Structures are given as structure tokens and as C-alpha cells.
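Colleague: okay, here's the prediction I keep looking at, along with the sequence it came from:
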Amino acid sequence: MTEFHSRSSGGTGGSPPGIRRSSAAGGGGKKGELSQPAGWRCLLSFTILFLACVCGFISRLFAVIRFESLIHEFDPWFNYRSTHYLTTNGFYEFLNWFDERAWYPLGRIVGGTVYPGLMVTAGLIHYILNLVHLTVHIRDGAGLLSACFVAVVPGYISRSVAGSFDNEAVAIFALQFTYFLWVKSIKTGSVFWTVGCCLSYFYMVSAWGGYVFIINLIPLHVFVLLLMRRFSKRVYIAYSTFYIIGLILSMQIPFVGFQPIRTSEHMAAAVPARQTDAAGQTDYVFCLCLCRCAAAVCVCRLPQQHRLDRSMERTLLFTWDTGYAKIHIPIIASVSEHQPTTWVSFFFDLHILVCTFPAGLWFCIRNMTTERVFVVLYGISAVYFAGVMVRLMLTLTPVVCVLSAVCFSSVFEHYLSDELKQDDPPAEDAADEDDRRNSGSLYDKAGKLCKHQVCEEGLGSNIRSLVIVLLLLLLLMFTVHCTWVTSNAYSSPSVVLASYNHDGSRSILDDFREAYYWLRLNTDQHVRVMSWWDYGYQIAGMANRTTLVDNNTWNNSHIALVGKAMASNESVAYDIMRLLDVDYVLIIFGGVMGYSGDDINKFLWMVRIAEGEHPRDVRESDFFTPQGEFRVDKDASPALLNSLMYKMSYYRFGEMQLDFRTPPGFDRTRNAEIGNKDVRLKHLEEAFTSEHWLVRIYKVKDLDNRQPLERKPRVTSTNHNHKSRKGSRRKRGLVKNKLVLKKGRKLNRKRKQTRLDSLQ
Amino acid sequence: MWSAGAVGFVLVSCCFCSSLSAEGLLNEDVKRTLDLSSHLAKITAEIQLANHGASRVNSFTLALEDELAPHLAFIGASVKGEEEEDESLELKETTVHGQSGKFFEAQFPSALAPGAKLRVKVETVFSHVLKPFPTHITQAERQLVVFQGNHYLYSPYPTRSQTTRVRLASKTVESYTKLGNPTKSDEAIEYGPFKDVPPFSQDVMKIHYENNTPFLTISSITRTIEVSHWGNIAVEETIDLRHTGAYLKGPFSRYDYQRQSDSGISSVKSFKTILPASAQDVYYRDEIGNISTSHLQVLDDSVEVEIRPRFPLFGGWKTHYIIGYNLPSYEYLYNLGDQYALKMRLVDHVYDDQVIDQLTVKLILPEGAKNVHMDTPYPIARSQDELHYTYLDTFGRPVLVATKSNMVEQHIQDVVVHYTFNKILMLQEPLLVVGAFYILFFTVIIYVRLDFSITKDPAAEVRMKVASITEQVLTLVNKRLGLYRHMDEVVNRYKQSRDTGALNSGRKTLEAEHRTLTNDINALQTRLKTEGSDLAEKVGEIQKLDGSLKDLVSRSCQEAERLVAGKVKKDAYIESDKSLSGRRQELVGRIDSLLDAL
């Protein structure tokens, strides 16, 4: 509990001064001769902050302890790979890096299409450590790095457990730090802090695309301040400095480039910029104004000259209107992270904070200050965005922490300080009283926030202790929940699956790595692997092979082409694959293990995305049964049964009997007996299947050899004998079969008739 | 020795010119065993040498066929004693004029007298001589290999009688050469006896048979041994493994592999690595993380790791992994003063019948090791020494690098590395850490204690001064309040014990201490006034309040005295005490609020 409080107070600038006290108050239980209250307070808050850091760090190591030092998820593999490139080849090489291993045959200019903040940070840490001969491989370093940025709340943990080497790990830190410095600069009105804020913003821009959130929230803050007539010189100085320097700095990131002055999502920043002009015209900041005017003019002119980037506009539209993307850009909607957040996940990630957060918001609104306007705005906008997209839960969690901390601390102040006032008179022990008096002074100071209400109320001590115990229980439960979520839900890497045997022992299903490692070692270095885009980064990272599409989904038509190949029948798919120089096809098949995230379950998205680009060749409706269901059993639509994905998934699966209760070819994921048990592949051959059939790799055969051979093909004697011995009559096994069939037919007819008879 | 060798060489060369019997040596009886049951060809020959010449012979020559010689991994000769232990002989490579092949000269333990006989056992191991044929097989097929060798013992001496026994891996034999009508039993073929074979006679023996034993080859292994004088030896082996049998042709079907026991029979699913008994913290991983499919079994005399590569190895497939473990150094590191000796396996067991194409050993000695000298059991190529930097190293650890190719199990032998190391150097790294922390704290102290600002802010200084004074005032006032509480206690005790002396002395000390404290506070107040702070007024107010508080305390004291003296009734006393304490509480509260405002 205490850790949690102090984290929120120390990590974010938006917290009102009351919280910082509460951290000290929370730890005030430590007895002792408090001769120097200020010193003790300082020591306590430092200790608690330190404990919070340690706690945050340790809780992130769950993943390492429960599994291993391993990179989780998909994106981190790319980050790892590019960091590796950065550390081996240097920064400038990294900026110029053309990755020919991705998006074959297009390639990808990594330096210009990436937020390099994370890689640079990791590379820098690696470099410094190596400089002092601390041999940390970036493989190990990656996990530790993300664990350095602290918080206990699951919502954030999901992105920063050790091994999750993702942009967000540094970005949230940068985000919070930017906000902290922004509040600081608003308070002081000093250019120094604002420049610090800009630098932090620059770091944020370099780390994550979420910087847009900052560049919209800060102007919004200023705008609201304007409306509230709280606008002052300090705000003016802070904002105009931030706007210019931040803008220029953000444009230094190659991936961002001129977007800040071109795209609509950055436009919001310019609006208050103009208004601040009007509001803040004074001699004092005259030269600053000149600069700002020039910038504003530029800003207003440029959008007219440049066409607005359509795709960016789409993303913006998407965040405003969730329905838009589902209809127009299936690829964005297909990502699970982009789904709207459910209530369940809100509670799962935030637990009790969901309830206390509005209360904290209310406490902030009740006595407004310039800084609290910011916290309130941040909270409200973050709630909205988190509701739109699961992924943005991340930006919500810090502010939820802050506001809940406000709530908890003010409630505690209320109840604890009251108790103190009444308990003070019957003081028996000198030391005890001394101690209490000191802690009392702490509470009193903290209580200044809501002094007017603290004084009058006289609640019974029973009620007070009850409330306190209840609150403590809540916080305890919260801690337990956080720990549980961290250790169980967010610390399991998606690459490694764990299952539990009957005796409780754990067995690890390592199929992904098995297959990727096979690709890495037993295929030619330059082969091209076709797979659905989800696995692109993993194939690049673990198998080190060229992929066609990957998780950087910048080219929709290329992805649609892959989707089309997967959705078409084998010969059409073969043409596409020859066109794309595909050597191997990799699919994920969960039917044996009951793994639900496999390619058949994602198949409809492939079809939808393919349909978006090739509406004449692929139609989503073809893949449904007449009843409108998506099934894989006998009733499945012919288009599905003949599709490449279906064939590859179920190749030879029809023969496989998993247990005695189910028929052969029973798909455990979809609980159905598959419809086509005799899958034959003409242009592909099975190259590798992992132990639990999770990953299946097929080799694309060369074209049939139509050249006449120079020598006669060798006929093995055994076969020859075998054939000749049987003679022409028996060789035609079909005839025999036919005979049997005929017999059977007649019999059948008779039987049918008899059956009919019997029925009649 | 040198002269003997020279004589031997001259002799051999001479012998060849005329006839070898001139030297007088003769292979009386030769029993050859060709063990082809694994992927190695292990050829053992037991030779009874007889000296038919007139003079004593000091050495004899062993010969290898030209075809097999490049594949030779190991050769060893030993004298078979009657009862005592075998005595191994030292071998030296020589050449024989006019003859192709490889030749080794072995010294007899004692010169062989004319007419004397000696039994010698020659052991040779060849790698990569079993060629898969067909070279590509499908998953369902069995692996067939061809061995090409010599029916006879290749020897510079005439042979009177010899037999050759070939052990195979299975009963299935496609074909074999039928010189001298060999007999074939279950898994063995016996040739001979051949009588009176002339020297250097060769006759191609060709056996084509089924061999599904794992054709595993370590194409390269890098063994890093890092010695720490803090009690640990870390060993890490980076291994490139390859299946060198017949290549897999066509698809690999997991279904067949799981359902049919003989599908992919020549593939390798797992193997056992034997580590030293004291091995701890064993890890088995590769570039993309831990390999979860392994089992560790700790036995009395060894630690067995059942290693399963991520995927089964079929012909032509390869894998790459890292296995590492720690050993306690007291088992391997010996010292006498500054002299150290490390005795460790140069190469260790990876799997049975192992073949190592290329071995690199890197021995990392502690920083500061000098006069390094390496004793190897067999010749091994040394590369340039390197320097290795790891945690807290300053001038680097010396690294001995040695390489050798084509090794088999027989090469698992100890290497001894001697070096000197000054024990004082062990303190270097802890001192470095201590120093770093010292510097860190020192800079922090300096930064905090000294003022680095360019401009002086008088207002801030005054503020700081005032703050320090108020801090002092706070402590003093608190102390004074503490005095009152102490007085209360004294009064309470007095009420129970009725000891007037104690009360009076308590009162006296209170008075005295109170006076000093009040004076101190007054002094501070005047200082505050000189600083021009308005806090001085508040302090004055506190002083005033304190005066009345003091009065109250002394009054409660008097009341207690009166109670004890019986001048007041108990109820009245309680009444007055209550009112007094109420007023006191109020005063204390006011003082507290004033203190908070400070």
C-alpha cells in the first residue's frame, strides 16, 4: 500500500502536495525518537520510494523466475533485433539500415520507420555497462531495462515485465516525466523547466507513437486554462517555449519528420498557440512572440500545401469512431490490442482503483488549481482512450494511480487525524506522545488541503477504525490481486506455453521455438518464409529468415496478397507464392493441443483483408456455410475446404487419433471432426512440424521438371519385379475395386429399398 | 633416443630398398578387429612381433593405408604384457620412402633380442569413413553405409598368419567382399586366416550394410574454461552438431515420426552428455533461450544430462547449443605458494562415440596470472593468446587458445596449466568496488556540502538561516514540553510515594532546565529579530504561552502537594486537576499550532 502511494507521488508531477505527505504518513508507523521531523520525513519518503523501486523491479522478474530470461510477445523481437543491430553497427548505420529481411521483396527502411527511443536507451545502457566491463548481453539487458521503470499496477505491468522489450517500457516513463516537467514549468514559469519538458518530450517522441497524446493534452490543458481565466504569464511562457522547441525536436525523429505540421492530429497544438498569442501579448515576451507568430503562420500554411496524410487521418478517425475502422481497415481492427476495452479488463487491470479513481477525480475538481486541471484533463481523456483501445489502458494507469492515491490519502487523513486529536489528551508515555505529536504534525500539515472539514466532524472511534480497517483490507486485496495478475497473467511469454500435468508438475510446450530454430539452422540463409503477419517479427528474430509481411503493418496490399494466397486454393496460391518467391510457408495450427490463437481462427481476418484488396477473387461469404457459420467439419464451405490454409493445417491430421473417445481427425480447438480428412498437396510438401503440431512449415516445391532427362530414370528392380509379377489383370486394381463397387451399389440399392420398405 | 630414431629411420628406409625382413621383424600372428557398429571405424590389431633378424631391434613401424590415413582420429599402441598392465608406447610419425600412407614409429620398452617375441596391440579410430549409400534417404528408409578398407593388416613387415573380424551394426548386409570365403554370423563377418602375406599388401574390403546408429558429428565446439580464484571454475561449451548420415530426402512427417516406431530410425532424438560429478548450475540453451527439453540426473560419479535438441536431427540437419556448468575450483586447482596448476579435461564427453571435427579450447585465467605454461597429453595447436575483459577487469585476463581437429573419445584426457599468481591481486576487484563507492559518496558529500552557485542570493541565505534557527527553536520548545511531561510523572510518582524530597528535587531540576531552555529560546528569538524575520513575534508569543503553561505546571504541582498534605479533598483536587489539564491541553495545542506555523 505504502509503496503504491509513494510511487504515484514520486513518479508523477501531477499529484497535489498532499500525497507526498501521505507517503510519509503511511510509513509513519515506524517508532523512534523523532528528534528531527524534517530529516525523518525525508528519510522515510526516500526509503519508501526506494522500496517501491525495489518492489517494482522485483515484481517484473516474475517472468524470469517462472519461465526464463526470454523475449515475450511479437514486437519485442523486432526491438531486440534492431537493438542488436544498433549495438553491433553503430547509430548512423542503424539510421540508414535497410532491412532486406522484412517485407520481401519491398524491404523496410528501419531507421526511418521506427521510434528509436527504446533501442537507443538499451544500446546506451549496454554501451555504458560494457565500458566498465560489465558484460551484459543485450539479451539479458533487455529484460532488466524494462524492469527499471517502476509501477505495480497490472495495466502497466502488462507491457513492462522483464522480457517484454517493448517501446512502452520506456515510453510510459517518458510520458510521466514529460507531464511532471510540464506541471513544474507551469508552476514556475521558468524556461529552464520547460526546456527540460521539451527534452523529455523529445525522448517520448523517439520512443513511442503515443507522443500524440502529449501534444494534444498539453494544448488542451492550456486551452481549458484560458477558458477558466486561469491563464497567466507563466502558462504563456511555458506553452510557447514548449510548443516551439517541442515541435522542432520532435521533427528530428526521422519517422516523425514533418508530420507535426502536416497531419491533423497535431493541429490541436496550434489552436491554443494562437489564442495564447492574443491573451499574452506583452512586451515582456515580445521576442518570444515573434518566434511564435512565425511558427504559427508556418503551421497554418503548410497543411494547405501538403496533402494530409490519409492513413494518419484514418488512425485519428479510428480513435474517435471505433466503427469506422472495422468497416474500412480490417487490418487495424484485426489486432487484438485494438479492440475496445471490456469492463472485465478494466477491473482486471485496475482492480479497486476503478472505484477510487472517480473519487480522487472529485477531490481534485473540488479545489481546482492550475496543476489539478491538468490531472483532471489527463484522467478524463485517458479514460476515454482506454475505452476505445485495450492498448491505451497503458496511458490510463498512471493517472488512475495518482487520483486513487489522492482519494486514499485524503480519506486516511480525514480519519486518522481526527482520531489523533481525540487521542492526544490522555497521554501517558512521554516517548509515545512525543512520537504521536510529530506524526500528528505531519497529518496536520497534510490536512491543510481539506482543513475546513477535518475540524468539525466528530466521528466515533469505532467507525473510524472500521473505515480504516476496511480501506486497509481493500488495499491489501489490491496488492494481492496485483501480485497474482503479475505473476500469472502477464508474466507468461506467448512464445512458450506451459501446461500442468495431473500430478501438478509443469511441462513446457516449446513448439514455437522448436520450429523457428529449425528454420534458423536447417534452411538456406536466404529463403523467404511466408506466414501471417503476426509471426513476422518472430521469424525475423528467432529464425533469422526473410519474411513477406510482419507486425509493422505498413503495407496493406502486401498483407492482402498473403491473405489471398492463404485463402485461395492450392494452384492459385502456388502462382502467388511463385510470384513472391516463397520458399517456405509457416502456419500455426492448434488443433492437436487445443491452442485457440491459431491461424484457422484468424483465418476470417485474412479473408477480410484479402477481400479488401481483391474483392473479385476472395469473398468472405464463400467461407461461411449457408447457415452463416464458420465451421471446419463436413458442413464447411467448399472454399474453406480447398483453401491453402485449411489444407496446410489439416494435412495428415485426418489420420491422427488424439484419444480413444474422439474419431481420428478431431480438432480440439474447434471441437469438430474435420471435413476433409484426405488432404493432398500438390505444390507443397511438409518440411517440418513441431512436436505438438503447433507450427507447421511447408516447402514450396519447384515447378515440375518437364525437361527430358538425359539418362533414363533408374528403375529399382524390386519395384519392377513387383509390378510385373502381378500381371496386367491384377495391376488394374481399379477394376477390382469397380467390381466391388458395383456389387456394393446394387447391394446398397437393395438395402435402401429394403430400408424404405421397412420404413413404409 | 635421437640416434636410435635415426638408426631406425635409416633401417626402415634401407629395409625397404632390399627387403624388410632384413630388419628381421615379422608379424607372426595378427588378429584384427574392425568395429563398424557405430559411425566410427575402430580398428584394433593384436600383433605378435617376432625378431627373426640377427641384431636387436629397438623400434618398429606402424603403417596406415593411404585411403584411411586422412581420417585417422586416434592411434595408440601398447605392449600386451603377460599379466601386468598394458604399457602404452610413444609414437612418432615418420615416413617410408616409396610407400604411400602414414607411418608411425614406436619404441619397444626394451630392445627386442633376436628370436624374442612381443605382443603389441594397436588401436586406431577413424572418423567419417563410413559413407552413407544411398546418400539421400526418405524418412521411412533405413540408412545403409559402405565401408572400404583393407583385408590385410597394412604393415611394413611380412605377416605369417592373420585373421580379420568385422563387427557390424545390424544383421542386414547388402554386400561384402568375399576374399577367402569369409563366414558371416549374426552381426559379424570373419575373414581369414590369411597365411604369409607380404609387406604392404592391400586388398580392398568393401562392406555395404545397414547402420542406424546416430551419425552425429560435432562440427565445431568451443570450450571456454574460466578460472576464478574465488572458488569457481565456469565451463561453457558452444556446440555445433550435425547429423552426417544419409541426407533426408523429401518431407518430414511428424505424424509418421510419432506413430511409427521405425520411422526416421536413423534420426537422433536425444543423447546423453556426462558432466563431472561436481558440476552445478547446469544450463542448456541456445541463441533464442533455454531449451526446455532436457533432463538432469545426478549420479555418484557424474552428472548426466539427457540432451534433446529442439527438434530431432535427421540426415543433414544441424543444431547449435550452449551447455555450461560450474565446478568448485578446489577439485581442479592446485597451488603451492604462488604457483598454481589447473588440471582439467581438455575436452569432455558430449555423447558416446563422439567425433569432434574442430575443437577450440579457451582457458581464461585470473587477471594477473603470469608465466603460463600448458602441458597437453597430445599435440595441440596453440593460437595467439588473447585478453578477456569481464566484470571489474582492468588490464584483462590472459586467455590461452588452443585448437585441434578430428577428435574422438580417446582424446578425453587431462591438460595441466601451470602459472603463477600473486595472491594480493585478489583484493584488487573488491578494492575497486570499494573505491568506486567511496568516490561516489565523496562527490555527493562535496556536492551537498559546498555551494556551487555562481550568484549569491542573500534572501535565500537569510531564509536558510531563519530556517535553521526555527529548527533549533522547535527542538528547544519540544524539549521544554517534554520537561513538563516529565514533571507530571514526578508529580504522579509523588502522589503515590509521598516523597517530598523527590518532588522538590524534580521541581528544582525543572526550574533549572526550564530556565536554560527559555534563555536559549530568547537568545534565538533575538537572533531571529536581527535577521529581520517576523517569526520572532511568533516565538515571543510561544514564550508568553509557555510562561502561563509553566504556571499551570507549577500550580498542578502545588495542588498535588496540598492533596498529599491533606489540605484539599480528593474530589476537589480531581476537579481542579481536570480544569488545569484542560487549560494546559489548550495551551499545548496553541503552542503546537504556532510551531506548525513556524
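Modeller: Arrived safely. Numbers count the residues shown, from 1 in each chain, chains lettered A, B, ... in the order given.

Colleague: every contact and neighbour count from this point should use C-alpha atoms.
Modeller: Fine.

Colleague: list the buried ones in stretch A:647-664?
Modeller: A:647-654, A:656, A:658, A:663-664 (16 or more other CA atoms under 10 Å in any protein chain shown).

Colleague: can you pull the residues of chain B lying near chain A?
Modeller: Residues of chain B found near chain A (CA under 8 Å from any CA of the partner chain) are B:250-255, B:288-290, B:292, B:310-311, B:317-320, B:389-393, B:475, B:482, B:485-486, B:585, B:596.

Colleague: any of the residues you listed buried? List them.
Modeller: With neighbours counted by 16+ other CA under 10 Å, these contain buried members at B:252-255, B:288-290, B:292, B:310-311, B:317-320, B:389, B:392-393, B:475, B:482, B:485-486, B:585.

Colleague: which parts of chain B are helices?
Modeller: Along chain B, the segments classed as helices by DSSP state H run B:2-17, B:254-259, B:428-449, B:458-497, B:500-531, B:535-565, B:570-597.

Colleague: so the residue lying closest to residue A:594 once chain neighbours are set aside, which of the three states?
Modeller: Sequence neighbours aside, residue A:669 is the residue nearest to residue A:594 in space, at 4.2 Å (criterion: CA to CA, 6 or more residues apart in numbering or on different chains). Three-state call for residue A:669 (DSSP: H, G, I helix; E, B strand; the rest coil): coil.

Colleague: quick one: mean pLDDT for the host helix or strand of residue A:557?
Modeller: Per DSSP states H and E, residue A:557 falls inside helix A:556-567. For helix A:556-567, mean pLDDT is 91.

Colleague: nearest spatial neighbour of residue 376, chain-adjacent residues omitted?
Modeller: Defaulting to chain A. Residue A:376 sits nearest to residue A:361 (CA to CA, 6+ apart), 6.3 Å away.

Colleague: looking at chain B here, not the other one
Modeller: residue B:415 (4.9 Å).

Colleague: swap in residue A:204?
Modeller: What sits nearest to residue A:204 in space, not counting adjacent residues and going by CA to CA, 6+ apart, is residue A:174, at 5.1 Å.

Colleague: OK, contacts around that neighbour?
Modeller: A:200-201, A:203-204 (CA atoms under 8 Å, 6 or more residues apart in numbering or on different chains).

Colleague: selecting buried members of those residues in ChimeraX, what would you type?
Modeller: Here is the ChimeraX selection string for the buried members of the contacts of residue A:174, based on 16+ other CA under 10 Å:
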select /A:200,201,203,204
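
Colleague: the contacts of residue A:174 into a markdown table, with extra columns for secondary structure?
Modeller: Below are those laid out as a markdown table (three-state DSSP):
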| residue | secondary structure |
| --- | --- |
| A:200 | helix |
| A:201 | helix |
| A:203 | helix |
| A:204 | helix |
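
Colleague: as CSV, the contacts of residue A:174 with pLDDT would be great.
Modeller: What follows is those, written out as CSV (pLDDT from 0 to 100):
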residue, pLDDT
A:200, 90
A:201, 90
A:203, 87
A:204, 86
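
Colleague: now, which of the contacts of residue A:174 sits nearest residue B:422?
Modeller: residue A:203 (48.7 Å; CA to CA).

Colleague: the longest helix in chain A is where?
Modeller: Assigned via DSSP H, chain A shows its longest helix as helix A:393-423.

Colleague: now that one: buried residues?
Modeller: For helix A:393-423, a neighbour-count test (16+ other CA under 10 Å) marks A:393-410, A:412-420 as buried.

Colleague: now do stretch B:98-114
Modeller: B:101-108, B:112-114.

Colleague: do stretch A:356-373 as well
Modeller: So for stretch A:356-373, counting by 16+ other CA under 10 Å, buried means A:356-361, A:363-364, A:370-373.

Colleague: what does it contact?
Modeller: A:14-16, A:183, A:186-187, A:221, A:224-225, A:230, A:375-376, A:379, A:400-401, A:403-408.

Colleague: let me have the buried residues of stretch A:356-373 in JSON lines, extended by distance to residue B:463 and pLDDT.
Modeller: As requested, the buried residues of stretch A:356-373 are exported to JSON lines (distance: CA to CA, whole Å; pLDDT from 0 to 100):
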{"residue": "A:356", "distance to residue B:463": "40", "pLDDT": "84"}
{"residue": "A:357", "distance to residue B:463": "39", "pLDDT": "85"}
{"residue": "A:358", "distance to residue B:463": "40", "pLDDT": "88"}
{"residue": "A:359", "distance to residue B:463": "38", "pLDDT": "88"}
{"residue": "A:360", "distance to residue B:463": "35", "pLDDT": "86"}
{"residue": "A:361", "distance to residue B:463": "36", "pLDDT": "88"}
{"residue": "A:363", "distance to residue B:463": "33", "pLDDT": "85"}
{"residue": "A:364", "distance to residue B:463": "32", "pLDDT": "85"}
{"residue": "A:370", "distance to residue B:463": "27", "pLDDT": "82"}
{"residue": "A:371", "distance to residue B:463": "27", "pLDDT": "81"}
{"residue": "A:372", "distance to residue B:463": "29", "pLDDT": "84"}
{"residue": "A:373", "distance to residue B:463": "31", "pLDDT": "87"}
